[in-house]
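Peer 1: Quick check, what structure comes out for this input:
(2 chains)
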Amino acid sequence: QQQVKQSPQSLIVQKGGISIINCAYENTAFDYFPWYQQFPGKGPALLIAIRPDVSEKKEGRFTISFNKSAKQFSLHIMDSQPGDSATYFCAASYSGGSNYKLTFGKGTLLTVNP
Amino acid sequence: SAVISQKPSRDICQRGTSLTIQCQVDSQVTMMFWYRQQPGQSLTLIATANQGSEATYESGFVIDKFPISRPNLTFSTLTVSNMSPEDSSIYLCSVRFAVNTEAFFGQGTRLTVV
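Peer 2: Got it, this is the predicted structure:
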């Protein structure tokens, strides 16, 4: 059972454009939603994260939009740059009990053309 | 933050043999995890490494195949036992300091079984 569904699988954007990646979750107990960026040969690194008490969080060119009722959240990359070309993973976890693990989406390979 | 050192970074192994991967963290951490990532795919949690007790394995992963040790709060090992070509993958160590906080990842161990 896939608890976090991510789309699209791949995305090609022109330099300066907006990249949008979407995720949907099933477990209503999730209360932490991070996005990770992974470059080839590297481990994933946290890009930005949001908790369900806010609907939007912005850090520089990166914005998370969160819709609790729809159980969806998305990553927007404004003014996309070739250096943003990487694989992006959404994830979710919850604070209840002793389960601290992250559940990851399947990933989106972003290519930003110069 | 946490700096994670994983060794080896890559290895080519013969089928039927075992490989032990080390994960060293530069500070004491509450939670350590081991993931598997097929090239171009998402991260699949193998187990949570518990300090001083047996690891907690996810569905589909068993201790006989992936024994894990965690002797202290900064170090863990994952052994891939009796390897087959299907075990060829990237293995990642991850840590979190507290629930619903950033997860840090090592650079990964790229394993090829021939």
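
Peer 1: ok, now which ones touch residue B:92?
Peer 2: A:43, A:44, B:6, B:34, B:35, B:36, B:37, B:43, B:105, B:106, B:108, B:109 (Cβ atoms under 8 Å, 6 or more residues apart in numbering or on different chains). In this view, the C-beta of every residue, glycine as well, is placed from N, C-alpha and C.

Peer 1: List the pairing partners of the least confident helix or strand in chain A by mean pLDDT within its sheet, with orientation.
Peer 2: In chain A, the helix or strand scored least confidently by mean pLDDT, DSSP states H and E is strand A:103-104, which has a mean of 92. Partners of strand A:103-104 in the sheet, by DSSP bridges, are strand A:86-92 (antiparallel).

Peer 1: what's the strand it pairs with in contact with?
Peer 2: A:3-4, A:6, A:21, A:23, A:25, A:27, A:30, A:32-39, A:44, A:47, A:73, A:75, A:102-105, A:107-110, B:40, B:42-43.

Peer 1: ok, back up a step: from the contacts of residue B:92, which is closest to residue B:51?
Peer 2: residue B:34 (13.9 Å; Cβ to Cβ).

Peer 1: Neighbours of the closest one, how many?
Peer 2: 26 (other Cβ atoms under 10 Å in any protein chain shown).

Peer 1: average model confidence for the one helix or strand it maps to?
Peer 2: Secondary structure assignment for residue B:34, by DSSP states H and E: strand B:31-37. The pLDDT scores in strand B:31-37 average 95.

Peer 1: Enumerate the residues of chain A near chain B.
Peer 2: A:31-32, A:34, A:36, A:41-46, A:49, A:51, A:87, A:89, A:93-95, A:100-102, A:104-107, A:109 (Cβ under 8 Å from any Cβ of the partner chain).

Peer 1: Now that we have the residues you listed, which of them are buried?
Peer 2: A:31-32, A:34, A:36, A:43-44, A:46, A:49, A:87, A:89, A:93-94, A:100-102, A:104-107 (16 or more other Cβ atoms under 10 Å in any protein chain shown).

Peer 1: where does the residue of chain A found nearest chain B sit relative to residue B:35, distance-wise?
Peer 2: As assessed by Cβ to the nearest Cβ, chain B sits closest to residue A:43 within chain A, at 3.2 Å. Distance, residue A:43 to residue B:35, by Cβ to Cβ, to the nearest Å: 9 Å.

Peer 1: again, but for residue A:89
Peer 2: Per Cβ to Cβ, residue A:89 is found 11 Å from residue B:35.

Peer 1: Mind listing the shared neighbours of those two?
Peer 2: With Cβ under 8 Å, 6+ apart as the test, residue A:89 and residue B:35 both reach residue B:43.

Peer 1: re earlier: residues making contact with the least confident helix or strand of chain A?
Peer 2: Strand A:103-104 has contacts (Cβ under 8 Å, 6+ apart) with A:3, A:4, A:27, A:30, A:36, A:89, A:90, A:91, A:92, A:93, B:42, B:43.

Peer 1: residues in contact with the fifth one?
Peer 2: With contacts taken as Cβ under 8 Å, 6+ apart, residue A:36 has the following neighbours: A:44, A:45, A:46, A:47, A:88, A:89, A:90, A:91, A:104, B:103.

Peer 1: which non-adjacent residue is nearest it?
Peer 2: residue A:44 (3.9 Å; Cβ to Cβ, 6 or more residues apart in numbering or on different chains).
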